[in-house]
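>>> missing the sequence, but the structure's below:
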């Protein structure tokens, strides 16, 4: 990589992007307060909320206009995903949007694409390639009839009459123990290298959107902790005036701010120059996973014993931060991949 | 490992051990103040100081009485090494003592052993097995004529007319670029599996003593920073009363205290039940390297800009902490070994 | 220095067998299932069965309801209870409070109560923290107002863990708001069945239950006052210092780290993750056991665990919590998606220990004072750093404890 | 949002070539050798040569001694200077001070001085910190006493970096000790050749040189006073805010992180360690490049580096320093014993960047205020947390900056 390349460093949002952010910020704030999040536990799915969100056009916004979409880019999608995360919203937005983009990218049959884009029920994506035909844990499979998976050399849309059995989990997401052998239909979307590269691109999209959601989650966790620290007193002073409280929260702010910009940059590059810095996705994702783990832990902790209770919203953020960040497996393997890429480039 | 084994947990020193600790504490405090340490830079060797230390019997104390020693155990040696570290003392005590123990363990010729035990000049140990005959960086080789090294299947004492050329280095230790091909004499001490196991035992001893020295270094760095924090004021209060200063220093204290006990336990086990928990040496060493890196960094930093100057003793500790902790290579590889051992035991 | 395996006498060997057989009998699956469901930190059947044998306070003399055990036998029993994960929070709080009760309650009452405590029929919880008070115990606002031979209590306490399983709470109250913060407090042993006392459960995301206890014109007899009126801070200090400081009495037998029990949770999580690693195959067909990046992280967690176990007293309290918080998160990462499956949905797999560990970990940074409270203690009493003169300055330890802390260095 | 490669005009392309040719000429090996030896952070030959072309303050109009460059051309020049590691500390301090000089010095003096500054003949350093004062600048004790049309200075300043290469120091003094801390201070531009001014060098373990400057009855003309008597805190604030806050002017061209320059040191160390990893073979014959535990750590450092570059303003200041401090230590570990060889003893190997990085890193946690100062700024101005009411409370930022900070969030 050329460390002296003359690139713009413009992180500002244009007015369309500001509008997208604001619209979804308002939507989630209104429709998905923490009471809604709690009511959807443990499954982590509010079908009515999802239906409203589909009504906002979220499932098609990033499709080309020719396919009924709005040509939104990954940059807009990460803005939406952050707002989702900021409300810990119980909707399968990320895997569904990524799946629909994948169907469009591989030129899936228009009927298949349109049905998926309709969003009801959502489509799930198996984040790890299938090994044999044994059941696998698949995010959102507990609420989806259709699951897209890389199976050997083929990218396949598996159809089932019923969603997979729900497995209760740390982050209250609609995790299913999904059995490819139980599928009643099987549509091959691509095969050979095209299948693998389409899958990897989709996995990259998923990681970027999940990174954004994790940062939204961490931002709200931080905001909650800051409010607590402003008002709670110990030894006659607000706890937030103590460096032992303020400095760890400042570190969360530092982490969140850098992580957000790194995600934006990775999304922009992924959209406009996907070959230029492919490792940025892995960096944005692994970094967000770490920032979220630490940030939500710190934010819950700074609320003392209260932050450890299920009544505190801090608990929602803490559990989801870890619960979302390992759905695609160990995020540290992304670091290994980054290191390997650098060493190969140098070798 | 049996996590429920009924073992004693007695970390107290007996009176002999207290005497050893006190004697060397006094010796180093008197003979090796920081002015002596600075005067010996960059080589990191004060021959007169070393001669005095040899006079204390340090080179023979851990030999069996039959070989002219005092039957001191690894436990006493780690106490001595910590005192050395606490004064950043410019003497090759660790590699020399380990080398002499190694000579005794392999039943080296009495003349060879006695000459080595005399300590003048010191004997060095190559911490990595030789690869071919190319020159290698060997700690203390810049002041030693004799270097012990594992060469293929043989453990060899190489003799040279002159010490290896000194290579200036981060921690101001007598690092030499030592060339086995330039040796004028070559005494085979052991061969085959016996050579490897003797070398590994010596390397374990070296790691334990180095861990202890690193902890001594970190303790004095902490003590120095605490004194500074008690007296230095900002915003009308002593900086040590600010949690932003006090908490990181408390973390150093926690790290040092646990690391010291872990070293003691590893030394005791290595001496009395070397087969029971062999990974304790790697744990004690990798942990000490990390605690020392962080602890001396924090301690220097808490002295602000002054802690960054070469005039501050903090600089002596900071540079040596890293400079001593990678002499045997990447300490993180010990963590890989620990993990591998656990997984093999479980598999 | 001595880390040798204990050589048991024939009697001790026999005792160990007896303990195992007894616990095999009373610590049933049902005990653990009930604990998972309720989060009580208490099993009445086990508690009473142990009390029956004098094994709740096993070193107490037999005539006081103990079993007169020697230190080694007591350690055997203690390890077996931990190994079987016997819910023990209420046993712990009862023990903490008893030292103050024994010293300050009317001696006739003490004599009556001692056997009930030893047998397990009387149990105590801690009424320190208030809903808006955090770790600043000396800011207590629950009011106690004298009315003849009675006191009238009003206010509420939070984190009164185990109240639902106890007969009394060890309550710190404000009896004179006009006096300086630490001078106007009085301690009581409050019967939890008194009218006006209401217990409301709160669940932590670890599954543990704690409580808010409301006092609404609750009336208690003056005989339940511990120590002099307005001298409550001194009464509190025995149990508080015990909670804040070195656990073992330097017996050379006990674990030296106050955080040892947290680290047992990390041990279970680590062992489960190591077992998983030994067997796991990734989708690409490679074995996790061959991945040195995974092995390095296992090595790191195992090392932090070992260092934590070796860190004494309150320093070990912080080291243990930090090792668990960080290590459990690392182990979830390592195992990945399979680590997310809830303990209850796991049908016997050991991996639940990883998921549980990550939830449980967070509470350990708060129990008995946050890690920040302990860092303050270490800063002042181990390092001797100056104390900030906050408007409502807190005294963490009685003066006498400083020396013990410094000695722990 | 735009991260595209800049499309240069023909003129800009031409300018880039011109810059390269010119710098090839003036930034010689000798310049770097001298810097390694002296730690001055300054090369007189390079500084004057840049000044001659108007490239010290390249966006200044030509008539002021600048080169009237457009923003893109200025960025081209800036990157080339960084790429060639041109010693630039004194250029930086001069730029910080100039804004205050221009505003507060007598306008005739300013007009005289401007061209000399632009040409590089007049240079400024910062006289803020005192030997016993730490980062609390407002605690300044250096006394300035009026004597007719002169001021008499007594006291000493530390960390006056570059004083040995400068003509003036931007000095904060105490002119009225009876007024509250922030109200009794006055700023001066002190000629360093004035009698009674003595400069004494101090070396950092990074090799950088800084100074203690002693003032012993040093007399300076009142014309060197900047701003009103006792109004020094306001005068100081322009340069101090610039140092503490967002570097670029949101041009969309400049690096957003105040810590960017620290991270260039980490970049060099990382690149060297990666090159080493690609080739290194361990004594057991395995390649380091095949060791996933090594690759993971490289990936971590590269990721922290990338995140640091993306972190804006003072947040990036902390992120950059922390990434460098942690990352450089990790890279020394990775490379092992070969990483210890001193930069000077390395005979051209790139690995010196790792060893140097680990030494240099530590200063970045202190420059322009410690990372703790910046965490305070972030706590108060980004998070809006309440400020402790310390006896000698410090004002980090002028009130107006709060909004800019909040906007950076």
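Noted; the coordinates are in hand. All of these numbers come straight from a predicted model, not from anything done at the bench.

>>> Now do the strand or helix carrying residue C:33: everything it contacts.
Element membership of residue C:33, judged by DSSP states H and E, is helix C:29-38. Judged by C-beta atoms under 8 Å, 6 or more residues apart in numbering or on different chains, the contacts made with helix C:29-38 from elsewhere in the structure are C:40, C:41, C:43, C:45, C:46, C:85, C:86, C:87, C:207, C:209, C:343, C:344. Where C-beta positions appear, they are placed from N, C-alpha and C, glycine not excepted.

>>> quick one: contacts for the closest residue to the second one other than its chain neighbours?
Translated: residue C:41. Of all residues not flanking residue C:41 in the chain, residue C:89 sits nearest, at 2.9 Å (C-beta to C-beta, 6 or more residues apart in numbering or on different chains). When contacts are counted by C-beta under 8 Å, 6+ apart, residue C:89 is found next to C:40, C:41, C:42, C:161, C:162, C:208.

>>> just residue A:230 next, same as before
With C-beta under 8 Å, 6+ apart as the criterion, the residues that contact residue A:230 are A:238, A:240, D:384, D:385, D:386.

>>> Farthest-apart pair in the residues you listed, please.
The widest separation within these, taken as C-beta to C-beta, falls between A:238 and D:384 and amounts to 11.4 Å.

>>> Of those two, which one has the most company?
Set side by side, residue A:238 and residue D:384 give different neighbour counts by other C-beta atoms under 10 Å in any protein chain shown, the larger being at residue A:238 (19 against 16).

>>> was I right about the more buried one contacting residue A:232?
Yes - Residue A:238 sits in contact with residue A:232 when judged by C-beta atoms under 8 Å, with a separation of 6.6 Å.

>>> Contact partners for residue C:324?
The contact partners of residue C:324, by C-beta under 8 Å, 6+ apart, come to C:259, C:262, C:263, C:265, C:266, C:308, C:357, C:360, C:361, C:364.

>>> so what pLDDT did the last one get?
According to the model's per-residue confidence, residue C:364 sits at a pLDDT of 95.

>>> what do you get for the fourth one?
Listed pLDDT for residue C:265 reads 97.

>>> and it, what helix or strand is that in?
Take DSSP H and E as the rule and residue C:265 turns out to sit in helix C:260-279.

>>> for whichever helix or strand comes after that helix, the distance to its chain's centre please.
Where DSSP H and E defines the elements, the next helix or strand beyond helix C:260-279 is helix C:292-309. A distance of 25 Å separates the C-alpha centroid of helix C:292-309 from that of its chain, computed with C-alpha atoms, centre = their mean, to the nearest Å.

>>> now whichever helix or strand comes after helix C:292-309: how far from the chain's centre is it?
Past helix C:292-309, heading to the C-terminal end, the next element that is a helix or strand (DSSP H and E) is helix C:313-335. The chain centroid and the centroid of helix C:313-335 are separated by 17 Å under C-alpha atoms, centre = their mean.

>>> quick one, helix C:313-335 and helix C:292-309 angle?
Angle between the axes of helix C:313-335 and helix C:292-309 is 160 degrees (criterion: axes from the mean of the first three to the mean of the last three C-alpha atoms, to 10 degrees).

>>> Tell me which other helices or strands the strand or helix carrying residue A:319 touches.
Taking DSSP H and E as the definition, residue A:319 sits inside helix A:313-325. With contacts taken as 3 or more C-beta pairs under 8 Å, 6 or more residues apart in numbering or on different chains; DSSP states H and E, helix A:313-325 sits against helix A:34-39, helix A:193-231, helix A:279-301, helix C:313-335, helix C:352-364.

>>> where does the chain dip in pLDDT?
You didn't say which chain, so I picked chain A. Screening chain A residue by residue with the criterion pLDDT under 70, one finds no matching range.

>>> if you could check chain C rather than the one you did, that'd help
Of all residues in chain C, those with pLDDT under 70 make up the ranges C:243-250, C:344-348, C:392-409.

>>> mind giving me the domain split of it?
Listed domain ranges for chain C are C:10-87, C:124-244, C:260-361 (source: automatic domain parsing).

>>> Which stretch among the ones you listed is buried most, on average?
domain C:260-361 (a mean of 23; mean count of other C-beta atoms under 10 Å in any protein chain shown).

>>> what's the first-to-last distance across that one?
Its start and end residues considered, domain C:260-361 measures 13 Å (C-alpha to C-alpha, to the nearest Å).

>>> if we can go back for a sec, which ones among the contacts of helix C:29-38 lie within helices?
C:45, C:46 (DSSP state H).

>>> what's the closest of the contacts of helix C:29-38 to chain A?
residue C:344 (6.4 Å; C-beta to the nearest C-beta).

>>> Let me know the closest of the contacts of residue A:230 to chain C.
Within the contacts of residue A:230, distances to chain C taken as C-beta to the nearest C-beta reach their minimum at residue A:238, with 10.9 Å.

>>> Phi first, then psi, for that closest one.
Main-chain torsions, residue A:238, degrees, to the nearest 10: phi -60, psi 140.

>>> what ranges do the strands span in the stretch 51-200 of chain A?
Along the stretch 51-200 of chain A, counting by DSSP state E, counting those that start in this stretch, strands occupy A:123-125, A:136-138, A:146-151, A:154-159, A:176-178, A:185-191.

>>> TSV for the ones you listed, including distance to chain D and mean neighbour count?
Conversion of the strands of the stretch 51-200 of chain A to TSV gives the following (distance: least, C-beta to the nearest C-beta, whole Å; neighbours: other C-beta atoms under 10 Å in any protein chain shown):
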stretch	distance to chain D	mean neighbour count
strand A:123-125	25	28
strand A:136-138	24	25
strand A:146-151	23	25
strand A:154-159	27	22
strand A:176-178	29	22
strand A:185-191	29	16
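
>>> Chain B is nearest to which of those strands?
strand A:136-138 (22.7 Å).

>>> mind listing what that closest one pairs with, with the direction of each?
strand A:176-178 (antiparallel) (DSSP bridges).

>>> residue contacts, residue C:199?
Listed by C-beta under 8 Å, 6+ apart, the contact set of residue C:199 reads C:160, C:163, C:164, C:192, C:211, C:212, C:213, C:214.

>>> that's a helix at it, yeah?
No - according to DSSP: H, G, I helix; E, B strand; the rest coil, residue C:199 belongs to no helix; its state is strand.

>>> Residue C:369 against residue C:136, yeah?
No - in this structure, residue C:369 is not within contact of residue C:136 by C-beta under 8 Å, at 10.0 Å.

>>> So which residues on the stretch 101-250 of chain A come close to chain C?
Along the stretch 101-250 of chain A, the residues adjacent to chain C under the rule C-beta under 8 Å from any C-beta of the partner chain are A:127-131, A:137, A:139, A:167-171, A:175, A:232-237, A:239, A:242, A:244-245.

>>> Return the subset of the residues you listed lying in helices.
Filtering these for helices - DSSP H - leaves A:244, A:245.

>>> ok and the residue in the stretch 51-200 of chain A nearest chain B?
When you check the stretch 51-200 of chain A against chain B by C-beta to the nearest C-beta, the closest residue turns out to be residue A:131, at 20.0 Å.

>>> Provide a list of residues in contact with the spatially closest residue to that residue that is not a sequence neighbour.
What sits nearest to residue A:131 in space, not counting adjacent residues and going by C-beta to C-beta, 6+ apart, is residue C:283, at 5.2 Å. Residues near residue C:283 by C-beta under 8 Å, 6+ apart: A:128, A:129, A:130, A:131.

>>> ok, 10 Å please
For residue C:283, the contact set (C-beta atoms under 10 Å, 6 or more residues apart in numbering or on different chains) comprises A:126, A:127, A:128, A:129, A:130, A:131, A:136, A:150, A:329.
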